[in-house]
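Trainee: Structure for this input, please:
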Amino acid sequence: MVGNPDLIEQYRQIHATGAYGTTSVKNLRFIRPEIQLLGPRSILDYGCGQSRLIDLLDLGYAAKLVRFDPAIPEVSQRPDEVFDLLINIDVLEHIEEADLDDVISDMRSLCREALIIVDTKEAVTLLGDGRNAHVSLHPAAWWQDRLGRHFAHLERVAAARRTRAGFRTWSRKPGDQTRYVGKRAAEQARYFGKRLMGRR
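Mentor: This next block holds a predicted model:
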């Protein structure tokens, strides 16, 4: 198991006693256009927590979708294949700095490309030992440098909040920027339409 087993156990207890992991779904309207343009046929949600984000992707084509989180018993078995895309949303800030390189290296070994979003502000939740649940708090530039040790190419991506730092490991193809703008506009319309109707 990669990471601090004691910390993973604390997260396991937190997940067993309450509902967590809905914030990653708020990033759906930002990441779905990126994923659709990349077109991966297999996707791993690494550190998924209780989030059902991967089940809501609705990419418009068939893809193998896998969830993994060592703190969630039913998806705690680490996969042993390489995925076209790994998504990692609001996870790395929960990893102690001493373990970050090991965790990011493990992520890198499981994917061809990655889409990563990190929260850069304190969490509302406290751990059982009294620490803030975001045990690694750093600005976007720090995260870009740290991720750059493992991923040769990084580009910034939009996220649901300004306090989040988002990165993708690939460059868009020529013409994709125009397609992205169109897809993002459609996502925004869908998102705010649901909000007006009282649905999330």
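Trainee: got the contact list for the one residue sitting closest to the centre of the chain?
Mentor: With distances taken as C-alpha atoms, centre = their mean, I89 lies nearest the centre of the chain, 1.8 Å away. When the contact criterion is C-beta atoms under 8 Å, 6 or more residues apart in numbering, the partners of I89 are S24, N27, I31, D45, G47, S51, L53, I116, I117. No exception for glycine: its C-beta is placed from N, CA and C like everyone else's.
Trainee: which one of those residues is nearest D145?
Mentor: I116 (13.3 Å; C-beta to C-beta).
Trainee: Next, the residue lying closest to the residue nearest to the centre of the chain once chain neighbours are set aside: secondary structure please.
Mentor: Using C-beta to C-beta, 6 or more residues apart in numbering and skipping the chain neighbours, the partner closest in space to I89 is S24 (4.0 Å). Taken by DSSP: H, G, I helix; E, B strand; the rest coil, the conformation at S24 corresponds to helix.
Trainee: Touching, S24 and D90? I think so.
Mentor: Yes. At 5.5 Å, S24 counts as touching D90 under the criterion of C-beta atoms under 8 Å.
Trainee: what touches both of these two?
Mentor: Residues touching both S24 and D90 by C-beta under 8 Å, 6+ apart: I117.
Trainee: Return the list of helices and strands in contact with the longest helix seen in the chain.
Mentor: As assigned by DSSP state H, the longest helix anywhere in the chain is helix 176-196. Other elements packing on helix 176-196 under the criterion 3 or more C-beta pairs under 8 Å, 6 or more residues apart in numbering; DSSP states H and E are helix 28-38.
Trainee: between the helix it packs on and helix 176-196, how many degrees?
Mentor: 150 degrees (axes from the mean of the first three to the mean of the last three C-alpha atoms, to 10 degrees).
Trainee: Please list the outside residues in contact with helix 28-38.
Mentor: Under the contact criterion C-beta under 8 Å, 6+ apart, helix 28-38 has outside partners 43, 53, 56-60, 84-85, 87, 89, 113, 115, 117, 157-160, 166, 168, 170, 172-173, 176, 179-180, 183-184, 187-188, 190-191.
Trainee: then it to PDB, C-alphas only?
Mentor: The C-alpha coordinates for helix 28-38 follow below in PDB (Å, rounded to 0.1, in the frame of the first residue of the first chain):
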ATOM      1  CA  LEU A  28     -17.500  17.600 -14.000                       C
ATOM      2  CA  ARG A  29     -18.400  20.600 -16.200                       C
ATOM      3  CA  PHE A  30     -14.700  21.500 -16.400                       C
ATOM      4  CA  ILE A  31     -13.200  18.100 -16.900                       C
ATOM      5  CA  ARG A  32     -15.700  16.300 -19.200                       C
ATOM      6  CA  PRO A  33     -14.800  18.500 -22.200                       C
ATOM      7  CA  GLU A  34     -11.100  17.800 -21.600                       C
ATOM      8  CA  ILE A  35     -11.700  14.100 -21.400                       C
ATOM      9  CA  GLN A  36     -14.000  14.000 -24.500                       C
ATOM     10  CA  LEU A  37     -11.400  15.700 -26.600                       C
ATOM     11  CA  LEU A  38      -8.700  13.300 -25.400                       C
END
